[in-house]
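J.: I need the structure of the sequence given here:
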Amino acid sequence: MSADFISEKLRNVLEPNGFEIHPFKIGWYNEKVKPVFHLSYPQDTLSFCVLSTPSMFDKAFLPFVERLKTQSEIENRDPIDSCVAEQLQKAKEALQPDHEVNIIQDFEVHPVTRRPKLLVQTAGHVSGAAFYYKRDSITNDPWDEKKKVYGVSIHPKYGGWFAFRGAIIIKDTFCSDLQQTAPPKTLSTDQEIVDLLEKFNFHWKENTFRDVVPVQEKYSAEQICYWNTAPSKRFALLGIKDKLKSMSSFQDPHENIF
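T.: Take a look at the predicted model:
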């Protein structure tokens, strides 16, 4: 299969359920990360960065939890991770047996070092999905050099209202002619980027970093209610959309823990 044909098959599975995919070559990723984070595949290996859009919650997640029978089925693993794993498995099966596919989810780490298997924001940047703003994105850094300032990705359509979910690696497909697409840089000045990083690092509970650019879609009130609820209490909300709606009317949106 060609890269375009593989992309089409993956999109047919994932996009109706609220996901986006963006192709990249392993070499592009490895060029941007330290050697300890390199992915051990040939440089031209075809891969796809996967992200969830705001609509994933209604299109994939709520139907997923409604199919689960017991609390133990949900609590055995984070339900979002389980839902995403199911969707990625369907995408993988759509390419089999013609291709050998490896999936890395965003939360996966190596067993001994606990080092992330994939730096998803870097994968998102090199694939052109979303611009990864970091301290080195600005000319005049206003923070103390010892201060930890984390980077954050901004999507051209969803701003910060999205999440990277991992990568699909097509181990037996090599695309030397795949052209890299630069991610849209929606912020242009140092002050805009500093403002974003300040909001993300030091005022993240307020969610204002998500709206630094005009967005076409954001999380619903029900979805924000779910993320604002402590993980140990989320089970009570799962599969009960009416309850989510009623709670969203008084839940404090500034208590976001997602």
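
J.: now Gln33. Its backbone dihedrals?
T.: Wrong residue type there; residue 33 is Val, not Gln. Note on Val33: its backbone torsions stand at phi -120, psi 160 [degrees, to the nearest 10].

J.: was I right to think it contacts Val120?
T.: No: counting by C-beta atoms under 8 Å, Val120 is not a contact partner of Val33; they are 11.3 Å apart. Any C-beta I mention is one placed from the backbone N, CA and C, and that applies to glycine too.

J.: neighbour-wise, which of these two wins?
T.: Neighbour tally, Val33 and Val120, criterion other C-beta atoms under 10 Å: the higher count belongs to Val120, 24 against 15.

J.: ok, the more buried one touching Phe164?
T.: Yes: Val120 lies in contact with Phe164 (C-beta under 8 Å); the separation is 3.7 Å.

J.: which neighbours do those two share?
T.: Common contact partners of Val120 and Phe164 (C-beta atoms under 8 Å, 6 or more residues apart in numbering): 49, 106.

J.: the stretch 151-258 of the chain: strands as residue ranges?
T.: Using DSSP state E, counting those that start in this stretch, the strands of the stretch 151-258 of the chain run over 152-154, 163-174.

J.: of all those strands, which one is nearest Ala85?
T.: Ranking the strands of the stretch 151-258 of the chain by distance to Ala85, with C-beta to C-beta as the measure, places strand 163-174 first at 9.1 Å.

J.: what comes up buried for the closest one?
T.: Using 16 or more other C-beta atoms under 10 Å as the test for burial, strand 163-174 gives 163-170, 173-174.

J.: ok, residues contacting that strand?
T.: When contacts are defined by C-beta under 8 Å, 6+ apart, strand 163-174 is touched by residues 1, 3, 6, 10, 19, 21, 26, 39, 41-42, 44-52, 84, 88, 91-92, 95, 99-106, 108, 118, 120-121, 123-124, 129, 153.
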